[in-house]
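Asks: With the sequence up front, the predicted model follows.
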Amino acid sequence: MMSKIKFLILALLMAYKFDAFSQCNDELINICALDIGEATYLKEFKVRLKKAKKGKPAPVARFSVVLNKGTHYRFTTCNAKEYDGEVILQLYDADRLLGSTYNVQTGKMYKAFDFICRKSAVYHLFFSYKEGKEGCSVGILSFVNKED
């Protein structure tokens, strides 16, 4: 009986320790949601991708979202500390890049970008990691305000 109790305590401590050092879970969503400023949280997108295989394109996670005309949105990203990957979030309509957390020309990464929707439609979010590294991240879609 005593060994079962010791085993249970040990298992609980190990689970707690693992969770305390791992941000690749709902805790990362909570951390990122605190970083959206005066915006209102709408939805999160969890992303976990493996490292790109040599000679192959970087893995990509794709999501679709309906955005409404005249609405100002913010897209915010956060990376789990235990992974090297820096997430790149790109917003597309049918085939046109509308916003990104990465500026290809300067090589600069951004934590967020704002988007004022000019047409109600389905938009596409693409998440990948800079240099094809492995990563775990969350993207937060938030409402800033309604444009007149």
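Replies: Perfect, thanks for sending it.
Asks: all contacts plus neighbour counts: C-alpha atoms, from now on.
Replies: OK.
Asks: what ranges of the chain fall below the confidence cut-off?
Replies: Where the chain drops to pLDDT under 70, the residues are 1-23, 148.
Asks: Which strand in this structure has the most residues?
Replies: Using DSSP state E to define each element, the chain has its longest strand at strand 135-146.
Asks: same for that strand, what does it pack against?
Replies: Judged by 3 or more CA pairs under 8 Å, 6 or more residues apart in numbering; DSSP states H and E, the packing partners of strand 135-146 are helix 26-33, strand 40-49, strand 71-79, strand 87-92.
Asks: mind redoing it with 7 Å?
Replies: helix 26-33, strand 40-49, strand 71-79 (3 or more CA pairs under 7 Å, 6 or more residues apart in numbering; DSSP states H and E).
Asks: outside of that strand, which residues touch it?
Replies: 24, 28-29, 33, 39-50, 70-80, 83-87, 129 (CA atoms under 7 Å, 6 or more residues apart in numbering).
Asks: Kindly write the PyMOL command that selects the buried subset of these.
Replies: Filtering the contacts of strand 135-146 down to the buried ones (16 or more other CA atoms under 10 Å) takes a single PyMOL command:
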select buried, resi 24+28+29+33+39+41+44+45+46+47+48+49+50+71+72+73+74+75+76+77+78+79+80+83+85+86+87+129
